[in-house]
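S.K.: Turn this into a model:
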Amino acid sequence: MSRVSAARRHRRSAVDCARCGRSNPDDAVFCGECGASLVSAIICSACGRSSPPGTKFCHSCGQPLAASAAAALGDGPVEAPVSERALPTSFAKGRYQVKSFLGEGGKKRVYLAHDTLLDRDVAFALIKADGLDDVGKERITREAQAMGRLGTHPHIVSVFDLGTEPLANGDGPQPFIVTELMSGGDVESLIEQAPDHRVSIERAIQIATETTLGLEFAHEKGIIHRDLKPGKSGSRVTEEPRSGTLDWR
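M.R.: Residues are numbered from 1 along each chain as shown. As a prediction, this is how the structure comes out:
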C-alpha cells in the first residue's frame, strides 16, 4: 500500500476532539492533546438508552451509569452498586412504591417512589443506619424538623414525611425522609452534563438568585444551612427550571 493510501485511510479513521480539534486514532478513548473524553455517548446497560459522557445516572430509567461508562472506556467489568443490585419494592408498609434508584451518598440512598396514599411521586431518602448512634439519629430528626418548620417556599425542598423502616437483618429501625421530587437532579450534575461543563450565564444567575432567596427565607426563621454545595446535599433543580435547597441542619 502506498504512503498516500495509508495516509488517506488514517484520516478517514481519525476521531477529532470536540474540545481542541486534534485528530486522534479511531480507537482512542481520550484526546492525546487535551485529555478530553472521546466517548460520544454512554449506553445504559439496563434500558439501552444513550446519555452524554459524564452523566452519572440514566436520563430514561435512573440507573447508575458507572458500569456502562467503565465498559465504554475500556476499564473492564465493574461491580454494580448495592442499590442497583437489589432495588427495594416498597417502604413504609407499602405506602411508598419504589420506581427507580436516584443516587447514593455517604449518608443515604435516594429512590424515586410513588406515594400511594397521596398519589404523587416523591424522593424517598433512606438514611444509612450502619454505625449511627443515638446522637446521629437525633441529628437526622432535627434536620427533617428544621426543613418542616420552613414551611412552603418555591426555592426550598419541602419535607412530606419522616419515619423509620425496619432493617432487613432485624437490627433495628432505619430512618427515612420523604421530600419533594426535584426531577432535574443536583446542580453539580447539571454542570457536568452541560457543553464544556458550563451552564449559560442566564441559568447560573437564575440558580444563584433562587438559592439565595431560599436562604434568605430560612435565615428569617432562624435556620441556617451549614453545608451548602452544588452536589446531592445542596442545591437541586427541576425541569421547569426551578432550583431548591435541601438538607438543612
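
S.K.: what's the average pLDDT for stretch 205-214?
M.R.: For stretch 205-214, mean pLDDT is 89.

S.K.: Check which residues of it are buried.
M.R.: Neighbour-count burial for stretch 205-214, counted by 16 or more other C-beta atoms under 10 Å, picks out Q206, I207, E210, T211, L213, G214. In short, each C-beta sits where N, CA and C put it, glycine included.

S.K.: Just the CA atoms of the longest helix anywhere in the chain, as PDB, please.
M.R.: Secondary structure of the chain per DSSP state H: the longest helix is helix 201-220. What follows is helix 201-220, C-alpha atoms only, in PDB (Å, rounded to 0.1, in the frame of the first residue of the first chain):
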ATOM      1  CA  ILE A 201     -24.800  32.900  32.300                       C
ATOM      2  CA  GLU A 202     -28.600  33.300  32.500                       C
ATOM      3  CA  ARG A 203     -29.000  29.800  34.000                       C
ATOM      4  CA  ALA A 204     -26.200  30.400  36.600                       C
ATOM      5  CA  ILE A 205     -27.700  33.700  37.600                       C
ATOM      6  CA  GLN A 206     -31.100  32.100  38.000                       C
ATOM      7  CA  ILE A 207     -29.800  29.300  40.200                       C
ATOM      8  CA  ALA A 208     -27.800  31.700  42.300                       C
ATOM      9  CA  THR A 209     -30.700  34.100  42.700                       C
ATOM     10  CA  GLU A 210     -33.300  31.400  43.600                       C
ATOM     11  CA  THR A 211     -30.900  29.700  46.000                       C
ATOM     12  CA  THR A 212     -30.200  33.000  47.900                       C
ATOM     13  CA  LEU A 213     -33.900  33.700  48.100                       C
ATOM     14  CA  GLY A 214     -34.400  30.400  49.800                       C
ATOM     15  CA  LEU A 215     -31.500  31.000  52.100                       C
ATOM     16  CA  GLU A 216     -32.900  34.500  53.000                       C
ATOM     17  CA  PHE A 217     -36.300  33.000  53.800                       C
ATOM     18  CA  ALA A 218     -34.700  30.400  56.100                       C
ATOM     19  CA  HIS A 219     -32.500  32.900  57.800                       C
ATOM     20  CA  GLU A 220     -35.600  35.000  58.700                       C
END
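
S.K.: show me where the protein has helices.
M.R.: According to DSSP H, the chain carries its helices in the segments 3-13, 66-72, 82-85, 134-149, 187-193, 201-220.

S.K.: Among these, show the one with the smallest mean pLDDT.
M.R.: For those, where the average pLDDT is lowest is helix 3-13, sitting at a mean of 41.
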